[in-house]
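Participant: need the 3D shape of this:
(chains A and B, ligands or ions: 2)
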Amino acid sequence: MDLAAITIIQVINLIASLALLSIGLAVIFGMMRVINLAHGEFLMLGAYAVLVPTQAGVPLWISMFIIAPLFVGIVGVIIERLIIRHLYGRMMDTLLATWGLSLLIVGAMTMIFGNTMEGISTPFGSFTIGSLADSQYKFFTIGITAVVLLVAYIVLKFTRFGLIARATMQNSDQASVLGVSPPAVYTLTFGIGAALAGLAGAILAPISGVLPTMGAAYIAKAFITVIGGGEAILTGTAAASVFFGAINQTTTFFTSSVVGEVALLVAAIILLRLLPQGITGRFFRRGL
Amino acid sequence: MLEVKQLKVSYGRIPILHGVDFNVTEGEFIGILGHNGMGKTTLLKALIGLLKPVSGEIQLKNQNITRYPPHKRNRFGIGYVAQGRDIFPNLTVRENLRTGILMHKNLRSKETTIIEEILEDFPRLESLLNRRGGVLSGGEQQILALARCLCGSPELLLLDEPTEGIQPSIVEEIIEILKNLRVKRGLTVVLVEQNLEFISALSDRVYVIRRGVFTGELSPEQLANPEIVQEFVGMN
Ligand SMILES: Nc1ncnc2c1ncn2[C@@H]1O[C@H](COP(=O)(O)OP(=O)(O)OP(=O)(O)O)[C@@H](O)[C@H]1O
Ligand SMILES: [Mg+2]
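Facilitator: Ligands and ions are numbered 1, 2, ... in the order given. As a prediction, this is how the structure comes out:
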């Protein structure tokens, strides 16, 4: 019984982490059809944007919720202006450019911080169910992910910016003749996607540790989640996270974490075989 | 109001418009008549800024807007209803209407009033407000596209074949709506069409376009005479 409860919490935590680390990539891909291969590095920058201020004595929550998203968001805006903007509609070129960018960011961060893993002590303590214990930080991750998804939903569904963004996503030419400047929407969207990645990196940092090359571990998972989710940004990310997260964690539970990762990959391949448009290409098509 | 001088437009290396000249004065309703593939859509896209001209000049209200991107032209007073009525299929009718308003700073605060007014002019939309645009019939989509465009209070309206694939009763309805709106809002309109009845019911003057050049100008009386029209348009 205790084991079941803990396991369920762990599954939900993994689902939440998956959604959290994918949402920034999903926003950028869903709105702009740009696959940002530097997404892992945005996560890593978010992690450093918590590490450095925290070491300098800034309270953890301020670094996590303000400095990290803001810093990575600004980096995103600059990158969109300098690089992405000139490559719209050229999927291959964007892939190459963002891949190059990811190498550049890793290189620069390694030069500055060295190739050593640093840690941020995990806040909160642990909780116990019966004889079993686990970290309370899991509840925090789950809660934050829920809030992030909810806020994103509200913004897209109910605000003026959300409406303009959805219109631009469906037909940017048509939006432009109604007075929308698509480049401005794209800059903002890319910035928001980057900020979400920054926030995700910040939240994951205390568990994962902080290292210039840490992004590589996440990009594949985020990528699979976004492609597996399909067209609808939020519904797709949520649905794919639930699917992949549950498979990954359950397999891990019965075997080992390596087999868990393999199961995730296999599940992704089968899913895309059956549903090439991702989950929301078939189900929840009206979702956001 | 609108002055177009020696406008040339190409797709890549293929020239489509070979130097189009015309003027529209304030309050005028201009028709442009031409067959499939003669360059009507190309001309309107160049006027709204979706296509960049190779050379030539476009002036609106005595300002050179040739280099303006589409969103700037729209905010400067040009409304455009595309051929095939590009409504946003996954937005509701109300949301579609709102997209016509939101980017106009001076209108934003009056959103609800503007939509109420528009619904008076387009009562057909009233009962459809919460449906997704994509499920509307072709005629309803055309009316929505027109209504959405008017939400931004344009001074100059560009219409690309609003009657394409639409049943006669709705064509009549659109004629009535446009006639009323013209008086009510003092609209200036440039309409491109193949439908003779529609264009002659509304236009003060009609230009004929053939293979990317204006080949003549018809008065509504001449339009009523099929032989003259045939000669100009080169039907058959
Ligand atoms: N994207 C494009 N690339 C190359 N050629 C094009 C493109 N779009 C249109 N054309 C060509 O330009 C010419 C004019 O096209 P346009 O769409 O302006 O015609 P139209 O008068 O609007 O016709 P219709 O009545 O069928 O809408 C046609 O010969 C067409 O084949
Ligand atoms: Mg056309």
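Participant: helix, strand or coil for B:Val4?
Facilitator: strand (DSSP: H, G, I helix; E, B strand; the rest coil).
Participant: okay, now it: neighbour count?
Facilitator: With neighbours defined by other CB atoms under 10 Å in any protein chain shown, the count for B:Val4 comes to 23. Bear in mind the C-beta positions are built from the backbone N, C-alpha and C, glycine included.
Participant: got it, and A:Leu43?
Facilitator: So A:Leu43, with other CB under 10 Å, has 32 neighbours.
Participant: wait, it sits on A:Thr213?
Facilitator: No. With contacts counted by CB atoms under 8 Å, A:Leu43 stays clear of A:Thr213, the gap being 11.5 Å.
Participant: A:Ile164 - nearest residue in space that isn't next to it in sequence?
Facilitator: Closest residue to A:Ile164 apart from its sequence neighbours, by CB to CB, 6 or more residues apart in numbering or on different chains: A:Val180 at 5.7 Å.
Participant: could you do A:Ile15 as well?
Facilitator: Using CB to CB, 6+ apart, the nearest residue to A:Ile15 is A:Gly245, at 3.3 Å.
Participant: rewinding a little: from ligand 2, how far out is the residue nearest to A:Ile164?
Facilitator: Distance of A:Val180 to ligand 2, computed by CB to the ion, to the nearest Å: 23 Å.
Participant: now do the helices in chain B.
Facilitator: B:40-48, B:70-75, B:93-101, B:105-108, B:111-121, B:138-151, B:168-185, B:196-202, B:220-223, B:226-233 (DSSP state H).
Participant: which one, of these, ends up nearest to A:Leu149?
Facilitator: Smallest distance to A:Leu149 across the helices of chain B (CB to CB): 21.4 Å, for helix B:93-101.
Participant: what's the closest one packed up against?
Facilitator: Packing partners of helix B:93-101 (3 or more CB pairs under 8 Å, 6 or more residues apart in numbering or on different chains; DSSP states H and E): helix A:160-170, helix B:111-121, helix B:138-151.
Participant: packing partners for the first one?
Facilitator: Judged by 3+ CB pairs under 8 Å, 6+ apart, helix A:160-170 is in contact with helix A:2-32, helix A:137-158, helix A:172-176, helix A:182-208, helix B:93-101.
Participant: and the angle from the helix or strand encompassing the residue nearest to A:Ile15 to helix A:2-32?
Facilitator: If you go by DSSP states H and E, A:Gly245 is part of helix A:233-254. Angle between the axes of helix A:233-254 and helix A:2-32 is 150 degrees (criterion: axes from the mean of the first three to the mean of the last three CA atoms, to 10 degrees).
Participant: residues contacting the closest residue to A:Ala16 other than its chain neighbours?
Facilitator: Closest residue to A:Ala16 apart from its sequence neighbours, by CB to CB, 6+ apart: A:Thr145 at 3.9 Å. By CB atoms under 8 Å, 6 or more residues apart in numbering or on different chains, A:Thr145 lies in contact with A:16-17, A:19-20.
Participant: how does it look with 10 Å?
Facilitator: Counting by CB atoms under 10 Å, 6 or more residues apart in numbering or on different chains, A:Thr145 makes contact with A:12-13, A:15-21, A:23, A:200, A:203, A:238, A:241.
Participant: save those as JSON lines, and put in distance to B:Glu57 and neighbour count too.
Facilitator: Output for the contacts of A:Thr145, formatted as JSON lines (distance: CB to CB, whole Å; neighbours: other CB atoms under 10 Å in any protein chain shown):
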{"residue": "A:Ile12", "distance to B:Glu57": "63", "neighbour count": "20"}
{"residue": "A:Asn13", "distance to B:Glu57": "63", "neighbour count": "22"}
{"residue": "A:Ile15", "distance to B:Glu57": "59", "neighbour count": "22"}
{"residue": "A:Ala16", "distance to B:Glu57": "58", "neighbour count": "25"}
{"residue": "A:Ser17", "distance to B:Glu57": "57", "neighbour count": "23"}
{"residue": "A:Leu18", "distance to B:Glu57": "55", "neighbour count": "28"}
{"residue": "A:Ala19", "distance to B:Glu57": "53", "neighbour count": "28"}
{"residue": "A:Leu20", "distance to B:Glu57": "53", "neighbour count": "27"}
{"residue": "A:Leu21", "distance to B:Glu57": "52", "neighbour count": "28"}
{"residue": "A:Ile23", "distance to B:Glu57": "47", "neighbour count": "27"}
{"residue": "A:Ala200", "distance to B:Glu57": "50", "neighbour count": "32"}
{"residue": "A:Ile203", "distance to B:Glu57": "55", "neighbour count": "27"}
{"residue": "A:Ala238", "distance to B:Glu57": "52", "neighbour count": "26"}
{"residue": "A:Ser241", "distance to B:Glu57": "54", "neighbour count": "27"}
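Participant: show me which of those is closest to ligand 1.
Facilitator: A:Ile23 (35.8 Å; CB to the nearest ligand atom).
Participant: skipping adjacent residues, who's closest to that closest one in space?
Facilitator: A:Leu196 (5.1 Å).
Participant: elements contacting the lowest-mean-pLDDT helix or strand in chain B?
Facilitator: Ranked by mean pLDDT, DSSP states H and E, the weakest helix or strand in chain B is helix B:226-233, scoring a mean of 73. Helix B:226-233 is packed against strand B:29-33, helix B:196-202, strand B:205-210, strand B:213-218, helix B:220-223, with contacts defined by 3 or more CB pairs under 10 Å, 6 or more residues apart in numbering or on different chains; DSSP states H and E.
Participant: most neighbours per residue, which of the ones you listed?
Facilitator: Mean neighbour count (mean count of other CB atoms under 10 Å in any protein chain shown) peaks for strand B:29-33 among the helices and strands packed on helix B:226-233, with a mean of 24.
Participant: please compute how far stretch A:86-103 lies from its chain's middle.
Facilitator: On the basis of CA atoms, centre = their mean, to the nearest Å, stretch A:86-103 sits 19 Å off its chain's mean C-alpha point.
Participant: to clarify, my last question referred to stretch A:84-97.
Facilitator: Distance, stretch centre to chain centre, for stretch A:84-97: 20 Å (CA atoms, centre = their mean).
Participant: restricting to C-alpha, output it in PDB.
Facilitator: Extracted in PDB, the C-alpha atoms of stretch A:84-97 (Å, rounded to 0.1, in the frame of the first residue of the first chain):
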ATOM      1  CA  ILE A  84      15.900  32.600 -36.100                       C
ATOM      2  CA  ARG A  85      14.100  35.500 -37.700                       C
ATOM      3  CA  HIS A  86      16.200  35.200 -40.800                       C
ATOM      4  CA  LEU A  87      15.400  31.500 -41.200                       C
ATOM      5  CA  TYR A  88      11.600  31.300 -41.000                       C
ATOM      6  CA  GLY A  89      10.100  28.600 -43.100                       C
ATOM      7  CA  ARG A  90      13.500  26.900 -43.600                       C
ATOM      8  CA  MET A  91      13.200  24.000 -41.200                       C
ATOM      9  CA  MET A  92      16.600  22.400 -42.000                       C
ATOM     10  CA  ASP A  93      18.500  25.700 -41.700                       C
ATOM     11  CA  THR A  94      16.800  26.400 -38.400                       C
ATOM     12  CA  LEU A  95      17.800  23.000 -37.100                       C
ATOM     13  CA  LEU A  96      21.400  23.500 -38.100                       C
ATOM     14  CA  ALA A  97      21.600  27.000 -36.800                       C
END
